[in-house]
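In: Need the 3D shape of this:
(2 chains)
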There are 2 protein chains.
Amino acid sequence: MNVPVRAHEAVPASPVEALSAILSSELTATDAEIAASLHSPVGLIPDVAHHLVDAGGKRLRPLLTLAAARVGGGVGPGAIKLAAAVEFIHTATLLHDDVVDGSSLRRGRKAANLIWGEKASVLVGDFLFARAFNMMVATGSMRVLDILARASSVIAEGEVMQLAAIASGEASRDTYLKVIEAKTAALFAAACESGAITAGASDSDVAALADYGLQLGLAFQMVDDALDYGGLTRELGKNTGDDFREGKATLPLIIALERADGDERLFWQRVLARRHQPEELGQAMAHLRRTGAVEATVEEARTRIKAARAALDRLSRQDIVTALLGDLADYVAARVS
Amino acid sequence: MNVPVRAHEAVPASPVEALSAILSSELTATDAEIAASLHSPVGLIPDVAHHLVDAGGKRLRPLLTLAAARVGGGVGPGAIKLAAAVEFIHTATLLHDDVVDGSSLRRGRKAANLIWGEKASVLVGDFLFARAFNMMVATGSMRVLDILARASSVIAEGEVMQLAAIASGEASRDTYLKVIEAKTAALFAAACESGAITAGASDSDVAALADYGLQLGLAFQMVDDALDYGGLTRELGKNTGDDFREGKATLPLIIALERADGDERLFWQRVLARRHQPEELGQAMAHLRRTGAVEATVEEARTRIKAARAALDRLSRQDIVTALLGDLADYVAARVS
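Out: Next up is the predicted model:
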């Protein structure tokens, strides 16, 4: 029996892969910058940091910085350093987040806090954060430093806001939007904005790219929060159910509560008060299904995706990179289905 | 019976008080900058931060920044922002240290990690650290940012080095000196160096003040480590015995181990392996007394005090502030007796 072999069949590349291919030498340079900056005579630092950095992730934020620089006029050495710095800030927040959330998994690997302990995660996070500022100083741009320093304090503010919201059992759209704008979207926005600045982009192009990053970041976090309840396919994996277990008031829960009947309302209030059991996830999923809360969350994300695309339309020049940034926004929303 | 009342009796002011009096308006401005920068719509942030900042401490590091600026040519608005930033970096490290050490007391108050939890301490520490960089950006000096960003990564590196040393049960002078230079002296040095830079001091004056800060910081930490075993008076207070309990290889322990007889060596090795009981502090004190280890630690600190004074002698100008900085160095060593 002959099975037909189709050689060189075109695999539809994701926009992340397509952008990574276009910016391949710049990403290689960014990885070299990351590896060089992780160097320390204190072996525990590269051990912990490489564990996270090498686990991959998609290097989404540095990719945004490089793409924004390309769109803004060209990727110079400053943009490379900046892309590495953005990844360091992100990795530092992951290390601290995992301590705060008591996470056991990160990027499919055992979380650093479980391998080396919470102390190492706190201190290596501090190191990465400080080292990020070293790299930003090396760009020589005070404007870039200003943007990233502001973003860094906004991120921390967002994390504290979320902690306070969990403690108080508060569930409101207003607080949710503030939290995700601060803890996630601010870094996406700063990555794009500062990348464009290193390339000497015009003020209107810088503002458009910052807005694109902000909207993309909001959509990204909403989709993440939908995925925590299995997304549209309702497939529950190893990482799902974390927000439910922690009693986090993410958008699916908030919408389900808005649309709840009497019993459901009591159920969600018990979750927010963290008087629930992790085993009640099945019941939560049933309530989410009845109220269409995950679908409504994805709809909210799609509104931000449209806004992200509209921001790109304001750019002074359209090319393959701007087109791929638009596709990237859709791709973020497509993760749920 | 008439008790004679001596009005306006001259109280000999400590050099900290004397410097604070000379720089009184600048310290007030620094406190205002600190209060303004602690502002956040997220109430938990000012709550946690004020708990530490208001508990006082001596504002030693901002005082050094202001004094170095004064010596270097004058205290401008940049030096005020910088002094506040230095205090923020210090406070951030205290919050994270207390999480790492599981501390229960800080500056005579219940530690923040015990009141608001470790999560809040980690995240508010991150916020203060980021906000410190906001303030440094506001100074407009890339050189200042470079120095403080380097110092910040060195501090984190020192903390990780200490963590690794505790885990491995290592006890060496070489590692000890590296750890205290990184975790304590680097910020003292950066506080002085960057303060002088904001005032436009000459390169040789900047270098002399940086060296003064470094030597002062080394002495400060050695004295702190001697005080953890009661200092020269051997008075044990609420805060003493922490290093012993944690099995930290500080200089008193290292010297006692160098001079130990057979039984003592076994005792200290057990402490370093953290197979000891906190109740054995009395025995540790006896071994320290026999070997003169605390006295030898204080002698090492005095060598650094002399070096700090020698650095001041290299300054291009001598005045009341430089004289008080010299006295401040002696005052640091005098805390032990």
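In: Break down the stretch 101-250 of chain A into its strands, ranges please.
Out: A:105-106, A:109-110 (DSSP state E, counting those that start in this stretch).
In: Next, the contact list for the closest residue to A:Arg259 other than its chain neighbours, please.
Out: For A:Arg259, ignoring the flanking residues on the chain, the nearest one in space by CB to CB, 6 or more residues apart in numbering or on different chains is A:Thr291 at 4.0 Å. For glycine as for every other residue, the C-beta is placed from the backbone atoms N, C-alpha and C. By CB atoms under 8 Å, 6 or more residues apart in numbering or on different chains, A:Thr291 lies in contact with A:Ile255, A:Ala256, A:Arg259, A:Ala260, A:Glu264.
In: In what element of secondary structure is the closest residue in space to A:Gly247 that isn't next to it in sequence found?
Out: Leaving aside its sequence neighbours, A:Gly247 sits nearest to A:Arg274 (CB to CB, 6+ apart; 4.2 Å). Using DSSP states H and E, A:Arg274 sits within no helix or strand.
In: So what does A:Arg274 have for phi and psi?
Out: Per-residue torsions, A:Arg274: phi 50, psi 40 (degrees, to the nearest 10).
In: ok, now A:Ser172?
Out: phi -140, psi 150.
In: Per-residue pLDDT of it, please?
Out: pLDDT for A:Ser172: 94.
In: The one 3 residues further on too?
Out: According to the per-residue confidence, A:Thr175 scores 95 in pLDDT.
In: That one touches A:Ala165, doesn't it?
Out: Yes - the pair A:Thr175 / A:Ala165 is scored as a contact, 5.4 Å apart, by CB atoms under 8 Å.
In: overlap in contacts of those two?
Out: Common contact partners of A:Thr175 and A:Ala165 (CB under 8 Å, 6+ apart): A:Ala249.
In: Between the two, point out the one with more neighbours.
Out: A:Ala165 (21 against 17; other CB atoms under 10 Å in any protein chain shown).
In: What segments of the stretch 51-200 of chain A are helices?
Out: A:60-72, A:77-101, A:112-115, A:118-139, A:142-168, A:173-180, A:186-198 (DSSP state H, counting those that start in this stretch).
In: got the ones you listed as TSV, with distance to A:Asp31 columns?
Out: Listed next are those as TSV, based on distance: least, CB to CB, whole Å:
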stretch	distance to A:Asp31
helix A:60-72	9
helix A:77-101	8
helix A:112-115	20
helix A:118-139	14
helix A:142-168	20
helix A:173-180	28
helix A:186-198	16
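In: OK, contacts around the residue of the stretch 201-337 of chain A found nearest chain B?
Out: As assessed by CB to the nearest CB, chain B sits closest to A:Glu246 within the stretch 201-337 of chain A, at 11.2 Å. By CB under 8 Å, 6+ apart, the contact set of A:Glu246 is A:Asp101, A:Ile166, A:Arg274.
In: Who wins on neighbours among the residues you listed?
Out: Neighbour max across the contacts of A:Glu246 (other CB under 10 Å) = A:Asp101, 20 neighbours.
In: That one reaches A:Asp242, doesn't it?
Out: Yes - judged on CB under 8 Å, A:Asp101 makes contact with A:Asp242 at a distance of 7.2 Å.
In: which residues of the stretch 201-337 of chain A fall in helices?
Out: A:203-227, A:242-246, A:251-258, A:262-272, A:281-291, A:293-313, A:320-334.
In: Dump these to TSV, plus mean pLDDT and distance to B:His90.
Out: Formatted as TSV, the helices of the stretch 201-337 of chain A follow (pLDDT from 0 to 100; distance: least, CB to CB, whole Å):
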stretch	mean pLDDT	distance to B:His90
helix A:203-227	97	32
helix A:242-246	90	32
helix A:251-258	97	39
helix A:262-272	95	37
helix A:281-291	95	44
helix A:293-313	97	40
helix A:320-334	93	40
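In: and stretch A:330-337, C-alpha only, in CSV?
Out: Output of stretch A:330-337 as CSV, limited to C-alpha atoms (Å, rounded to 0.1, in the frame of the first residue of the first chain):
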residue,chain,number,x,y,z
ASP,A,330,-6.2,37.4,16.1
TYR,A,331,-3.9,34.5,17.0
VAL,A,332,-4.0,35.5,20.6
ALA,A,333,-7.8,35.2,20.6
ALA,A,334,-7.7,31.9,18.6
ARG,A,335,-5.9,30.2,21.5
VAL,A,336,-9.2,29.6,23.2
SER,A,337,-10.8,27.4,20.5
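In: Name the surrounding residues that touch that stretch.
Out: Counting by CB under 8 Å, 6+ apart, A:14-16, A:216, A:219-220, A:223, A:226-227, A:231-233, A:294, A:298, A:301-302, A:305 sit against stretch A:330-337.
In: I'm done for today, thanks for sticking with me.
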